[in-house]
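S.K.: model this:
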Amino acid sequence: TAPFAMTDMVVFRLDTMHGSLSNGSQPGEVRISCDTRWYDANDPHGVDARYMGENPMGTATWWVNRHNKEVFPTSMEEAKIAWGLTS
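M.R.: Got it, this is the predicted structure:
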C-alpha cells in the first residue's frame, strides 16, 4: 500500500489484483470510488463480459457467492496462497 492522501488517484491495468478496506470515514466525510474501463474497439478478445453486453453481472456475483463452493470452488484466501501472495 501507500500513504494515499486527498485528491490522490490510482490507475492500474484490468488484470491487476486489487481491493480496498471498508470505508472508515467519520460521519460527514465521504470516499468516492469510480470504476472506469476503456477497451480497444479492435480487440479480438472483446470487452469484459462482466461489465458489458446484455446481462452484465459485474463483480456482485463473486461477492454474493464468494463462500459458495459450488460457484467458486477456490476461496480468495486459497487462491492467494496458490499464487504465492501469502502463506
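S.K.: centre of the chain to the least confident helix or strand in the chain by mean pLDDT, how far?
M.R.: Every helix and strand in the chain was compared by mean pLDDT, DSSP states H and E; the lowest is helix 60-65, with a mean of 78. Here helix 60-65 is found 11 Å from its chain centre; the criterion is CA atoms, centre = their mean, to the nearest Å.
S.K.: check stretch 47-59 too.
M.R.: Centre-to-centre, stretch 47-59 and its host chain are 13 Å apart (CA atoms, centre = their mean).
S.K.: now tell me what touches that stretch from outside.
M.R.: Identification of contacts with stretch 47-59 by CB atoms under 8 Å, 6 or more residues apart in numbering yields 14, 37, 39, 61. Every residue, glycine included, has its C-beta placed from N, CA and C.
S.K.: can you put those in JSON lines and add secondary structure, distance to residue 20 and neighbour count?
M.R.: Formatted as JSON lines, these follow (DSSP: H, G, I helix; E, B strand; the rest coil; distance: CB to CB, whole Å; neighbours: other CB atoms under 10 Å):
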{"residue": "14", "secondary structure": "coil", "distance to residue 20": "16", "neighbour count": "9"}
{"residue": "37", "secondary structure": "coil", "distance to residue 20": "17", "neighbour count": "10"}
{"residue": "39", "secondary structure": "coil", "distance to residue 20": "23", "neighbour count": "13"}
{"residue": "61", "secondary structure": "helix", "distance to residue 20": "19", "neighbour count": "13"}
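S.K.: so for residue 69, what's the pLDDT?
M.R.: Predicted confidence (pLDDT) for residue 69: 91.
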